[in-house]
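Undergrad: Need the 3D shape of this:
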Amino acid sequence: MNEVITSKVDNKGRLCLPLEIRESLCINSGDIFFIKREKNNILKLAKAENPFELLAQHAIEESRKGNTVTLEDYEKKRRVAKRKK
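TA: The predicted structure is shown next:
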């Protein structure tokens, strides 16, 4: 999407992002953004992402694929490896 889209600021200073943009960038209600003012009054927006949420999502996906072990199994493997040393 390289087209120019306009949006109006309301009397409370809010700028509405069009649905097409929100959907394509996975922007949801409550998301937080960093706003930086550049030269020539250009605004840059960056969606703030919680790294722990991304890690948790990755862990859930790996668990569903069967690529994880329980803490008990991990501890057993660790004890066996320690005995071999």
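Undergrad: and residue 56, what element?
TA: For residue 56, the host element (DSSP states H and E) is helix 51-65.
Undergrad: How about residue 27?
TA: Per DSSP H and E, residue 27 falls between elements, in no helix or strand.
Undergrad: Point out where this protein drops to low pLDDT.
TA: The model of the chain has pLDDT under 70 over residues 1-2.
Undergrad: can you pull out the strands in it?
TA: 33-37, 43-47 (DSSP state E).
Undergrad: Looking at those strands, spot the one closest to residue 71.
TA: strand 43-47 (33.4 Å; Cβ to Cβ). Backbone N, C-alpha and C define where each C-beta goes, glycine included.
Undergrad: quick one, that closest one and strand 33-37 angle?
TA: Here the directions of strand 43-47 and strand 33-37 differ by 160 degrees (axes from the mean of the first three to the mean of the last three Cα atoms, to 10 degrees).
Undergrad: What strands flank strand 43-47, and is each parallel or antiparallel?
TA: strand 33-37 (antiparallel) (DSSP bridges).
Undergrad: Give me the distance between the strand it pairs with and the centre of its chain.
TA: Strand 33-37 has its C-alpha centroid displaced from the chain centroid by 16 Å (Cα atoms, centre = their mean, to the nearest Å).
Undergrad: which outside residues touch it?
TA: Strand 33-37 is contacted from outside by 43-48, using Cβ atoms under 8 Å, 6 or more residues apart in numbering.
Undergrad: burial count for residue 68?
TA: Using other Cβ atoms under 10 Å, the number of residues around residue 68 comes to 13.
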